[in-house]
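Visitor: here's my sequence, what's the structure:
(one chain, ligands or ions: 1)
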Amino acid sequence: MSRLIVISNRAPALDPSSDAGGLVVALRDVLAKQNGIWIGTNEGEEQSIGNREIRFHDRPDFRVGYLDLTPAEVQSYYLGYSNSILWPAFHSRLDLMQVEPGYLEGHQKVLSLFADALMKVLQPSDTVWIHDYHLVPLANLLKQRGLQATFGFFLHIPVPDVQTFLSVPGSENLCSAFSAYDLIGLQTQRDTANLRLILQNVCHAELLPSGKMKIADRKLSIKSYPISIDVEEFADTAAKHPKPENKDGQFRIIGVDRLDYSKGLTHRLDGFRTFLDRNPDMYGKVNLLQIAPPSRTEVTAYAEIREQLDGLTGSINGDFGTVDWVPVQTIYKSFPRDELAGIYRHSQVGIVTSLFDGMNLVAKEYVTAQDPENPGVLLLSQFAGAAEQMQEALIINPHDPVSISDALAKAVNMTLQERQERHDALFTKLKRNDIHWWSRTYLKDLKKESNNLNLHYVAPKPTKLTALAS
Ligand code: GDG
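Guide: Numbers count the residues shown, from 1 in each chain. Model prediction:
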């Protein structure tokens, strides 16, 4: 049987009891069945980094491998090219893109190092599933080194439009690198359409009537596979936290997001302020609890977002708060996953205001955690990938504080029957397309692609673009 090799920027920890939801829960059973290995990078100590071979360890379910990187390599590959260039550009935030000389070369150097180390481990019969924006060029680098395996890719973040994509240093190579995969999985139809346009305009690919892309002499499939959570497990965890009576019409609005500018946290607070301005009857009765664990704090744009949030939280509390009412609580800490499930369940409204987001799992977690007898209401940004599947939420435009305010007013006044109907429709879909459906469906399709052999292919060198193809 072909081995399944998963490669992502970070590999899971050695101790399975620290698997907190997410990808690892989706993939550990499949990896266990397919003699699988999960390989990722790891920041090591400069002095103790040795011969650049992948260090392997056995978990009870699958093997993990770590490639140690020096702090300088992490700086250019991870904080630099990946998170100061690709992340903002793919989230359509060119204003936050920080291009430093050395980032692109540093990224290329780390990926070449990674490819060299992987060549000592991978076999032609392997199915290799590479994840996310940090690692797009990896399949092509492995093919250049002669590895003829099946290569799948899943992009967790959104795909921008062609012009924005072209602003990324190294964009033409990146486009070419996408074309080395057999199957590219994306979160949404929106992203599928955008990536097809990029391949057509930047790499001169042709869209075939079958929906496949033809590039040079090979075909590539691009399809959407909306990622999800382990719905059954999360619903059980949340149900262990009974919902208290909603005494005195108290409403808690919950937001849970990594502290990231793509999540629209400042827009959320602007919307909440407008809601308070327009609904004085809610004074003393409503509270916005924002959980925002910091991430990538070394990148300037991330430090700035915390300052902005502190300012807005302080001004709303200063303007509206009383001795016994604090309208907004912002907590920059990470909560244990089961506690989070309980907080969702105890909150009457869940709010997601992403300005651009691959999927947004918080939207799915909030709905899953609700008590079906007395469910809360989800406010969901139209720009989160989750909105493609979750139209029964209250869909909002995060750029318009009035849109947020109106939806909040609608949520706090919604009848039990309407809340139940919306929840029932959303939960039925979530149960059908959970995280196990996601990995099963993607891997089944990848297996089909592996039969259509695209082997021996190395992506062509990109030609310099003078203008976009029409
Ligand atoms: C990327 C894409 C895509 C947050 N605070 C705590 C905590 N979290 C957990 C949430 C949720 C996860 O982090 C965040 O997932 P998202 O999907 O919202 O966003 P990203 O981290 O940006 O993930 C995104 C995702 O990849 C998957 O493909 O959906 O679009 O950007 O699970 O619960 N978890 C715990 N404590 C916290 O305080 N335990």
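Visitor: flag every residue of the stretch 101-250 of the chain that's near the ligand.
Guide: By Cβ under 6 Å from any ligand atom, the residues of the stretch 101-250 of the chain that approach the ligand are 156, 157, 227. No exception for glycine: its C-beta is placed from N, CA and C like everyone else's.
Visitor: can you pick the most crowded of these?
Guide: residue 227 (25 neighbours; other Cβ atoms under 10 Å).
Visitor: now do the helices in the stretch 301-450 of the chain.
Guide: Assigned by DSSP state H, counting those that start in this stretch, the stretch 301-450 of the chain shows helices spanning 337-345, 361-369, 401-413, 416-432, 435-451.
Visitor: mean pLDDT lowest where, among those helices?
Guide: The weakest mean pLDDT among these belongs to helix 435-451, with a mean of 92.
Visitor: quick one: residue 403 and residue 409 touch, right?
Guide: No. With contact defined as Cβ atoms under 8 Å, residue 403 does not reach residue 409; the gap is 11.1 Å.
Visitor: which of those two has more neighbours?
Guide: residue 403 (21 against 14).
Visitor: for residue 150, give me phi and psi.
Guide: With angles defined as degrees, to the nearest 10, residue 150 sits at phi -90, psi 130.
Visitor: which residues sit in contact with the spatially closest residue to it that is not a sequence neighbour?
Guide: Spatial nearest neighbour of residue 150, excluding adjacent residues (Cβ to Cβ, 6 or more residues apart in numbering): residue 450 at 3.7 Å. By Cβ atoms under 8 Å, 6 or more residues apart in numbering, residue 450 lies in contact with 2, 127, 150, 182.
Visitor: give me the residues contacting the lowest-mean-pLDDT helix or strand in the chain.
Guide: Least confident helix or strand, the chain: helix 22-33 with a mean of 84, by mean pLDDT, DSSP states H and E. By Cβ under 8 Å, 6+ apart, the list of residues contacting helix 22-33 from outside reads 4, 6, 8, 12, 16, 19, 36-38, 61-62, 131, 230, 233, 361, 435-436, 438-440, 443.
Visitor: out of the residues you listed, which are buried?
Guide: Buried by 16 or more other Cβ atoms under 10 Å: 4, 6, 8, 12, 19, 36-38, 61-62, 131, 230, 233, 361, 435-436, 438-439, 443, out of the contacts of helix 22-33.
Visitor: please flag which of the contacts of residue 450 sit within strands.
Guide: Among those, the members found in strands (DSSP state E) are 127, 150.
Visitor: which one (most neighbours) among the contacts of residue 450?
Guide: Using other Cβ under 10 Å as the neighbour test, the contacts of residue 450 are led by residue 182, with 26 neighbours.
Visitor: how close does that residue get to the ligand?
Guide: 20 Å (Cβ to the nearest ligand atom, to the nearest Å).
Visitor: quick one: contacts for the residue nearest to that residue when sequence neighbours are not counted?
Guide: Leaving aside its sequence neighbours, residue 182 sits nearest to residue 449 (Cβ to Cβ, 6+ apart; 4.2 Å). Neighbour list for residue 449: 150, 152, 182, 183, 221 [criterion: Cβ under 8 Å, 6+ apart].
Visitor: flag every residue of the stretch 351-470 of the chain that's near the ligand.
Guide: 357, 358, 359, 360, 361, 362, 365.
Visitor: OK, contacts around residue 161?
Guide: 92, 194, 197.
Visitor: I'd say the second one and residue 155 touch.
Guide: No. If you go by Cβ under 8 Å, residue 194 and residue 155 don't touch, sitting 10.6 Å apart.
Visitor: run a quick neighbour tally on the residue nearest to residue 98 when sequence neighbours are not counted.
Guide: Nearest non-adjacent residue to residue 98, counting by Cβ to Cβ, 6+ apart: residue 84, 4.2 Å away. A total of 25 residues lie near residue 84 under the criterion other Cβ under 10 Å.
Visitor: then the one 3 residues further on?
Guide: Counted with other Cβ under 10 Å, the burial measure for residue 87 works out to 22 neighbours.
Visitor: so who does it touch?
Guide: By Cβ under 8 Å, 6+ apart, the neighbours of residue 87 are 133, 157, 262.
Visitor: which of those residues sits closest to the ligand?
Guide: residue 157 (5.2 Å; Cβ to the nearest ligand atom).
Visitor: how much space between the closest one and residue 179?
Guide: 19 Å (Cβ to Cβ, to the nearest Å).
Visitor: again with residue 381
Guide: Residue 381 is 31 Å from residue 179, by Cβ to Cβ.
Visitor: neighbour count: these two, which is higher?
Guide: With neighbours defined as other Cβ under 10 Å, residue 381 and residue 179 compare such that residue 381 has more, 29 against 24.
Visitor: related to what we said a few turns ago, reformat the contacts of residue 450 as CSV; add pLDDT.
Guide: Formatted as CSV, these follow (pLDDT from 0 to 100):
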residue, pLDDT
2, 84
127, 94
150, 94
182, 96
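Visitor: got the contacts of residue 450 as JSON lines, with distance to residue 43 columns?
Guide: Rendered in JSON lines, the data for the contacts of residue 450 read as follows (distance: Cβ to Cβ, whole Å):
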{"residue": "2", "distance to residue 43": "31"}
{"residue": "127", "distance to residue 43": "28"}
{"residue": "150", "distance to residue 43": "30"}
{"residue": "182", "distance to residue 43": "31"}
